[in-house]
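Participant: give me the fold of what follows.
(chains A and B)
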Amino acid sequence: MSEANLLTEEHLAWIGHEGAPLTIQISQRDIIKYSVATEQQQDKYLDGREAPPMFIFNIFAQPKPLDQLRVDGLARGTSEGPSLPLKRVMAGGKNVEFFRGIRPGDTLTGVNRIKNIYEKNGAQGPLIFTERELEVTNQDGLPVFTETETSIAR
Amino acid sequence: MKIADLTVGDSLPDRKHTPTNVSLFLYNAAVWNAHRIHYDELYTKNEEEHPEIVVDGPLQGDWLAQCVDNWLEEDGVVEQFHYSNRRATYLGETLVSGGHVLEINEADKTAVIELWIKNAQGEITSPGGATVVLNN
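Facilitator: Next comes the predicted model:
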C-alpha cells in the first residue's frame, strides 16, 4: 500500500503528544457487566473478583454529555489528537504487556501518548492509522499494563 | 498443565461466537461505546456503507484473550497479548476463536501462542498472539 498524502505537518506534529494523567477506580459491578457481556467462562471474572484481560478496553474513556457526541455516536475529543480528514473510525488492534491483574477497588492511573500517525492507500481508499500508547499504574505506583492501540480512519 | 507437557502445534480449544443485537448492545454499554455501527442498522448501511451491523473489533480481541486465558486456567498467566482486526465482521456471522502453540521455551517456562478468529469461510478476520508464562 502506498501513502495517501492526506496528512499535513500539523497532523504529524501530534506524534509524541502526551495527555494529562487520568485516574479511575475499578468497580466490581463494572467487571461483572463486562464479563457477562463478553460471555466469560471463569467464575473469578463472572463474580467480579478479578477483571478479564481485555476489560482494559476503553476503561479511561470519560463519559461525555450527549450534546458532545458526533452524528456517528462517538464523543468529540475523547482522546487528544488532531482532527483527521477521514471521519469513519474502526478499531485496528491492540498490543498489550500485562504486569499484574486488576481487582475491584484498584485505582488506576493512565498516561496516553500518541505514538504514531501514518497513512496508506487501502483497497477501498485511503486509510489513516493512529497508534496510541497507554501506560497504566495502580494505587501503589506499580505497573499494571502497557498497551499500544491502533485506530483506523477511512 | 506444565511447560513440559506442551508440544509445538498443540491446539487450544476452538469456541464458536455468534453475537446478537443484544450481546453487542451489552458489550458496547459495558465499554461505553456509542458508535452507531454496532446497533443502528439504517445508519450503518446508509451512512457508513457497511452491509450489516458491525461486530466490534475489540470484542473479537476479547475472544482471543479468552481463548488463551481459559486454556491456561490457573496454570500460568498471559504476559503479552496482541491482535489485529484485519477484516470487518457482521451481525449474523458465526465466528470461531482458536489457536495453537507456536514456540516453547522450557528454560523460562514460556510459550508463544498463535491465535485467530475465523469466519464461516475459514478466513482469518483477526489474527493475534500471546506469550504465556506457566507456573511449572
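
Participant: now the biggest helix by length in chain B - C-alpha only, CSV.
Facilitator: Assignment by DSSP state H gives helix B:57-72 as the longest helix of chain B. The C-alpha trace of helix B:57-72 is given here as CSV (Å, rounded to 0.1, in the frame of the first residue of the first chain):
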residue,chain,number,x,y,z
GLY,B,57,-13.1,-5.4,16.7
PRO,B,58,-12.1,-5.2,20.4
LEU,B,59,-14.8,-7.8,21.3
GLN,B,60,-13.0,-10.2,18.9
GLY,B,61,-9.8,-9.2,20.7
ASP,B,62,-11.5,-10.3,24.0
TRP,B,63,-12.5,-13.7,22.5
LEU,B,64,-8.8,-14.2,21.5
ALA,B,65,-7.7,-13.3,25.1
GLN,B,66,-10.3,-15.7,26.5
CYS,B,67,-9.1,-18.5,24.2
VAL,B,68,-5.6,-18.4,25.7
ASP,B,69,-6.7,-17.4,29.2
ASN,B,70,-9.3,-20.2,29.5
TRP,B,71,-6.8,-22.7,28.2
LEU,B,72,-4.2,-21.6,30.8
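
Participant: what segments of chain B are strands?
Facilitator: Under the criterion DSSP state E, strands of chain B are mapped to B:11-17, B:76-84, B:95-105, B:110-118, B:124-134.

Participant: how about the third one and chain A, any contact?
Facilitator: Meaning strand B:95-105. No. Contact of strand B:95-105 with chain A (CB under 8 Å from any CB of the partner chain) is absent, the minimum separation being 11.2 Å. All C-beta spots, glycine's among them, are computed from the backbone N, C-alpha and C.

Participant: please enumerate residues in contact with that strand?
Facilitator: B:3, B:6-19, B:55, B:60, B:63-64, B:66-68, B:71, B:89, B:110-119, B:125, B:128-130 (CB atoms under 8 Å, 6 or more residues apart in numbering or on different chains).

Participant: rewinding a little: now do the longest helix of chain B and strand B:76-84, the angle between them.
Facilitator: Per axes from the mean of the first three to the mean of the last three CA atoms, to 10 degrees, the angle that helix B:57-72 makes with strand B:76-84 is 150 degrees.

Participant: and helix B:57-72, average pLDDT?
Facilitator: Averaged across helix B:57-72, pLDDT comes to 97.

Participant: buried ones in that helix?
Facilitator: B:57-69, B:71-72 (16 or more other CB atoms under 10 Å in any protein chain shown).

Participant: centre of the chain to the lengthiest strand in chain A, how far?
Facilitator: Selection of the longest strand in chain A by residue count, based on DSSP E, yields strand A:107-122. On the basis of CA atoms, centre = their mean, to the nearest Å, strand A:107-122 is displaced by 8 Å from the centre of the chain it belongs to.
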